[in-house]
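S.K.: Got a sequence here, can you build the structure:
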Amino acid sequence: MKYKHKFFHAFLIFMIMAVIQPLNILGAEKYLLGSFPVNTSERSTFQGKFDNVRVKIIDLMEETGACSVSVAVAKDGKIIWEESFGWANREKRIKANPHTMYSLASISKHITATGLMILVERGLVDLNRSINSYLGRSKILAFEGKASDATVKHVLNHTSGLPLHWQFFYENQPYQPPSMEETIRRYGILVAAPGEIYQYSNLGFGILGYVISRISGKSYQDFMKTEVFLPLGMTRTSVGIGPGLKDYAAQRYDANQKPIPFYDFDHRGASAVFSSAHDLVRFGMFHLKNHLPDQKQILKDETIDAMKVEKDPNAANKEYRFGWREKMNDHGYRSISHTGGMPGVSTEIKLIPSEDIALVVLCNSRCKPVYEIDNEILASLLPRFARNLEAEKRKAEKKVDKKISLPRTLLGKWEGQIKTYSGVMPIQMIFQNDGDIHVKIENQLETLLNSVNFKDFILTGVFNEEIKTEDTSCFPHTIHLKMKLRGKRLYGYANATARPFFSISSWIELREKS
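M.R.: Prediction:
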């Protein structure tokens, strides 16, 4: 009888709530999608502001097949909206909510940078010191410039000369990530002089995570947990999936809404952090210097400011600094942001410092239109942003096919080598008068260089041959070239790419054959 009485009370409360707060059509859609609205007195001011964003999210999910989207928005030091739509795990029928942990991909970079800056403040790391001075037996090797000139700051800003790199290791494959020392030995090469060019490199931030571990005496994941996540109250944030957190993590899904096996990296500092929308927006609030009462001041305000883009007209990169991208005119506002994308992941965090706004959009599918959601959120809050966004939508984009023009100094035969960690491979390129470029590696078939571009003395293109190493032999791959022309010399990297497994680079250098 006692249990029946409790059941009657629960049923009565449910019926009263159903009468007081009936579901409208949008509310029904939100319920079916698994939304998790949070109501507080601070957020009532913005009630109704985001109805158009909810519709946009639902439309995007229907168009793209995204399994879930989780958003959070903060303004003036308060979270004004956080809500989730869809399934964190479709097979287990687990709905997403603002505390669901999503794989962040490259948003991990500014989180790693935050951890590194703690060591900088403690005097344990010098930003202007060579990165090699913080490494172990394996050091970065320079094919161009001097390795000793590649500083910690260069690595943070993607201007060290390290090439393009990513490598995923799936739990259903027999291949395991090598040690960081082995990864550095194989791929820690400078293909440009430090400070000369901007080249986005996951390997660089993987190395920074390794530096954190070596200098702190803790594993990278333990340091980030004890020095960053817990002091900032980020209890649903970890490097990888920490113990006891697996049930709270969103499953990654492919374009066909099929679960993707769990994967890890050889560049964890660049890509391995998981976090919830709730935690990540609070991380953004920390970087807006909101000084939340339940967050420890793990960095000084002046350090937080120093992590934003410095105004150096001679810098190789003027938009990226310490894991953040800066846009001076983002529909009328200065924004600081980062996105993340990899198999089963689309994420974004954006700050508008002048308006004290932080927003987060997380998705457990590879869904590029998800990045449109941040615009809709900001348009709902900022009239000037909305006007500029609408003007941009009305503006017709005219695409003009431009024929690539190669300098005559390239015409003829060029010969050289691709240097991998396991050996040397001869390569030959023939630049013809009709614009075709023929490529031949060793005794492989001669093939055409496709998707050719030449700008600012940088030649890029793709062709179908093989770079034969232990890593690349696992899967069929294409080769992406990026080389600088300097006099009668072409040099840079040859990148073996096999999606969704790896994109790993080797040094390439050719000279004109007289």
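S.K.: contacts, neighbours, all on C-alpha from now
M.R.: Fine.
S.K.: which residues does Arg93 contact?
M.R.: Arg93 makes contact with Trp87, according to C-alpha atoms under 8 Å, 6 or more residues apart in numbering.
S.K.: no no, Ile241
M.R.: 249, 274.
S.K.: what's next to stretch 474-492, contact-wise?
M.R.: Counting by C-alpha under 8 Å, 6+ apart, 191-192, 457-467, 493-499, 507-512 sit against stretch 474-492.
S.K.: Write a PyMOL command that selects only the buried members of these.
M.R.: The PyMOL selection below is limited to those of the contacts of stretch 474-492 classed as buried (16 or more other C-alpha atoms under 10 Å):
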select buried, resi 191+192+458+459+460+461+462+463+464+465+466+467+493+494+495+496+497+498+507+508+509+510+511+512
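S.K.: Okay, and which of the contacts of stretch 474-492 map to strands?
M.R.: Under the assignment DSSP state E, the contacts of stretch 474-492 contribute 458-463, 493-498, 507-512 to strands.
S.K.: Helix or strand next in line after the helix or strand of the chain with the lowest mean pLDDT, which one?
M.R.: Every helix and strand in the chain was compared by mean pLDDT, DSSP states H and E; the lowest is helix 25-33, with a mean of 32. With elements assigned by DSSP states H and E, the helix or strand that comes after helix 25-33 is helix 51-64.
S.K.: packing partners for the helix or strand just after that following helix?
M.R.: Downstream of helix 51-64, the next assigned helix or strand under DSSP H and E is strand 68-75. Helices and strands touching strand 68-75, by 3 or more C-alpha pairs under 8 Å, 6 or more residues apart in numbering; DSSP states H and E, are helix 51-64, strand 78-89, helix 277-287, strand 357-363.
S.K.: Would you tell me which of the ones you listed gets closest to Ile377?
M.R.: Closest approach to Ile377 among those (C-alpha to C-alpha): helix 51-64, 6.3 Å.
S.K.: Could you pull out the buried residues of that closest one?
M.R.: In helix 51-64, counting by 16+ other C-alpha under 10 Å, buried: 53-54, 56-58, 60-61, 64.
S.K.: Closest to Lys327 out of the residues you listed?
M.R.: The nearest one, if we look at the buried residues of helix 51-64 relative to Lys327 and count by C-alpha to C-alpha, is Val53, at 22.7 Å.
S.K.: For the closest one, which residues are in contact?
M.R.: 373, 376-377, 380.
S.K.: rerun that using 10 Å as the cut-off
M.R.: 59, 372-380 (C-alpha atoms under 10 Å, 6 or more residues apart in numbering).
S.K.: One more: Leu382?
M.R.: Contact partners of Leu382, counting by C-alpha under 10 Å, 6+ apart, are 332-333, 355, 376.
S.K.: about what we covered before: how about TSV for the contacts of Val53, with pLDDT added?
M.R.: Formatted as TSV, these follow (pLDDT from 0 to 100):
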residue	pLDDT
Asp59	92
Glu372	90
Ile373	95
Asp374	94
Asn375	94
Glu376	95
Ile377	97
Leu378	97
Ala379	96
Ser380	96
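S.K.: mind listing which of those are in helices?
M.R.: 59, 372-380 (DSSP state H).
S.K.: Would you show me how to pick out the buried ones of those in ChimeraX?
M.R.: Only the buried entries of the ones in helices among the contacts of Val53 go into this ChimeraX selection, using 16+ other C-alpha under 10 Å:
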select :373,374,375,376,377,378,379,380
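S.K.: for this structure, what spans make up the helices?
M.R.: Using DSSP H, the helices of the chain run over 2-20, 25-33, 51-64, 108-121, 152-156, 180-187, 202-216, 220-224, 268-271, 277-287, 301-306, 372-381, 383-394.
S.K.: For the chain, which residues score under the pLDDT cut-off?
M.R.: Counting by pLDDT under 70, the ranges of the chain that qualify are 1-44, 310-314, 396-403.
S.K.: Give me the most central residue, it.
M.R.: Ser106 (1.9 Å; C-alpha atoms, centre = their mean).
S.K.: thinking again about what came up before, the contacts of Leu382: which two are farthest apart?
M.R.: Glu355 and Glu376, at 15.9 Å, using C-alpha to C-alpha across the contacts of Leu382.
S.K.: got a list of what the closest residue to Ile189 other than its chain neighbours touches?
M.R.: Once flanking residues are discounted, Ile189 sits nearest to Leu141: 4.9 Å by C-alpha to C-alpha, 6 or more residues apart in numbering. Counting by C-alpha under 10 Å, 6+ apart, Leu141 makes contact with 132, 147-148, 162, 184-191.
S.K.: Quick check: of the residues you listed, which has the highest neighbour count?
M.R.: Counting neighbours by other C-alpha atoms under 10 Å, Leu162 comes out on top of the contacts of Leu141 with 31 neighbours.
S.K.: how close does that residue sit to Ala72?
M.R.: 34 Å (C-alpha to C-alpha, to the nearest Å).
S.K.: if we can go back for a sec, now the helices and strands packed on strand 68-75 as CSV including distance to His477?
M.R.: Shown next, in CSV, are the helices and strands packed on strand 68-75 (distance: least, C-alpha to C-alpha, whole Å):
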stretch, distance to His477
helix 51-64, 27
strand 78-89, 32
helix 277-287, 35
strand 357-363, 28
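S.K.: nearest to Asp305, of the ones you listed?
M.R.: Closest among those, using C-alpha to C-alpha: helix 277-287, at 8.4 Å.
S.K.: how much does that closest one deviate in direction from helix 108-121?
M.R.: On the basis of axes from the mean of the first three to the mean of the last three C-alpha atoms, to 10 degrees, helix 277-287 is oriented at 40 degrees to helix 108-121.
S.K.: Tell me the buried residues in helix 277-287?
M.R.: Quick answer for helix 277-287 (16+ other C-alpha under 10 Å): 277-287.
S.K.: Would you convert those residues into JSON lines that also reports distance to Leu232?
M.R.: Output for these, formatted as JSON lines (distance: C-alpha to C-alpha, whole Å):
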{"residue": "Ala277", "distance to Leu232": "14"}
{"residue": "His278", "distance to Leu232": "12"}
{"residue": "Asp279", "distance to Leu232": "9"}
{"residue": "Leu280", "distance to Leu232": "10"}
{"residue": "Val281", "distance to Leu232": "11"}
{"residue": "Arg282", "distance to Leu232": "8"}
{"residue": "Phe283", "distance to Leu232": "7"}
{"residue": "Gly284", "distance to Leu232": "11"}
{"residue": "Met285", "distance to Leu232": "10"}
{"residue": "Phe286", "distance to Leu232": "8"}
{"residue": "His287", "distance to Leu232": "11"}
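S.K.: of all the residues you listed, which comes closest to Leu362?
M.R.: When the buried residues of helix 277-287 are compared for distance to Leu362 (C-alpha to C-alpha), Ala277 wins out at 6.8 Å.
S.K.: and that closest one, what does it touch?
M.R.: Going by C-alpha under 10 Å, 6+ apart, Ala277 touches 69-73, 82-84, 97-102, 236-237, 283, 347, 349, 359-363.
S.K.: thinking again about what came up before, which of the helices and strands packed on strand 68-75 sits closest to Pro261?
M.R.: strand 78-89 (12.9 Å).
S.K.: Strand partners (parallel or antiparallel) of that closest one?
M.R.: strand 68-75 (antiparallel), strand 94-95 (antiparallel) (DSSP bridges).
S.K.: neighbours around Leu448, how many?
M.R.: 18.
S.K.: and what of Pro178?
M.R.: Pro178: 12 surrounding residues under other C-alpha under 10 Å.
S.K.: can you check Arg486 too?
M.R.: 11.
S.K.: so how far is Lys78 from it?
M.R.: Counting by C-alpha to C-alpha - Arg486 and Lys78 are separated by 53 Å.
S.K.: and what of Arg93?
M.R.: Note on Arg93: its distance to Lys78, by C-alpha to C-alpha, is 31 Å.
S.K.: Next: Arg129.
M.R.: To Lys78, Arg129 is 39 Å away according to C-alpha to C-alpha.
S.K.: ok, now Gln167?
M.R.: Distance of Gln167 to Lys78, given as C-alpha to C-alpha: 38 Å.
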